[in-house]
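Trainee: Need coordinates for the below:
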Amino acid sequence: MSSYLILKNIHMTAAYLTVVLFALRLLLDLVGKPEWRRMPVRWVPHVNDTILLVAAVGLLFVTPWSPFAHGWLMAKIVLLLGYIAAGVFALKENASFTVRLIAAALALVQITAIFHLATAKPF
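Mentor: Next up is the predicted model:
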């Protein structure tokens with residue numbers, strides 16, 4: 001199997017896990033289980049996201065894609081930064097419920113847009 005396919009599969013798996021782990025933490029907060037902040041579910045997403053980022057950088061090395069030459073890739077990077085910022089606020093323990101709800105919705109919209117760009121590569 002080529003290094004491209006290996007990296008792509010790692011990247012896609014880690015991307016799906018990122019969404020699942022984010023949604024799990026949101027759900028645990030929603031049902032009033034703040035003890036997740038003292039369990040592995042607090043740090044496992046960081047390990048997964050590191051794997052996701054390493055695979056993404058690896059893909060840039062084995063493909064001719066350039067973030068500045070491919071608009072869809074640059075848009076994914078910008079949306080990723082927005083997703084991270086919104087995710088921080090969505091999971092912030094001392095933020096108001098309204099702020100956390102809006103941030104969670106914004107994070108999920110951005111991750112949906114990232115997945116769309118990854119599959120459609122529209123521009």
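Trainee: Can you tell me which residue sits nearest the middle of this structure?
Mentor: Thr18 (5.1 Å; C-alpha atoms, centre = their mean).
Trainee: can you pull the buried residues of the helix or strand harbouring that one?
Mentor: Per DSSP states H and E: Thr18 is located in helix 3-30. Of the residues in helix 3-30, 7-8, 10-11, 14-15, 17-19, 21-22, 25-26, 28-29 count as buried by neighbour count, 16 or more other C-beta atoms under 10 Å. Heads up, the C-betas are built off the backbone N, CA and C, glycines and all.
Trainee: circling back: pretty sure the residue nearest to the centre of the chain is touching Pro45, no?
Mentor: Yes: Thr18 is within contact range of Pro45, at 6.8 Å (criterion: C-beta atoms under 8 Å).
Trainee: What segments of the chain are helices?
Mentor: 3-30, 44-62, 71-90, 97-120 (DSSP state H).
Trainee: Show me what counts as buried in the third one.
Mentor: Right, the one you point to is helix 71-90. Leu73, Ala75, Lys76, Leu79, Leu80, Gly82, Tyr83, Ala86, Gly87, Ala90.
Trainee: Provide a list of residues in contact with the last one.
Mentor: When the contact criterion is C-beta atoms under 8 Å, 6 or more residues apart in numbering, the partners of Ala90 are Leu26, Arg100, Leu101, Ala103, Ala104, Leu106, Ala107.
Trainee: what does the fifth one give?
Mentor: For Leu80, the contacting residues are Gln110, Ile114, by C-beta under 8 Å, 6+ apart.
Trainee: again, 10 Å this time
Mentor: Contacts for Leu80 were tallied using C-beta atoms under 10 Å, 6 or more residues apart in numbering; they are Thr18, Asp49, Leu52, Leu53, Ala56, Gln110, Ile111, Ile114.
Trainee: got the contact list for Asp49?
Mentor: Ala14, Ala15, Leu17, Thr18, Leu21, Phe22, Leu80, Ile84, Gly87 are the contacts of Asp49 under C-beta under 10 Å, 6+ apart.
Trainee: Need the per-residue pLDDT for the fourth one.
Mentor: Yep, that's Thr18 we're talking about. Per-residue pLDDT puts Thr18 at 96.
Trainee: Wait, it touches Ala56, no?
Mentor: No: counting by C-beta atoms under 10 Å, Thr18 stays clear of Ala56, with 11.5 Å between them.
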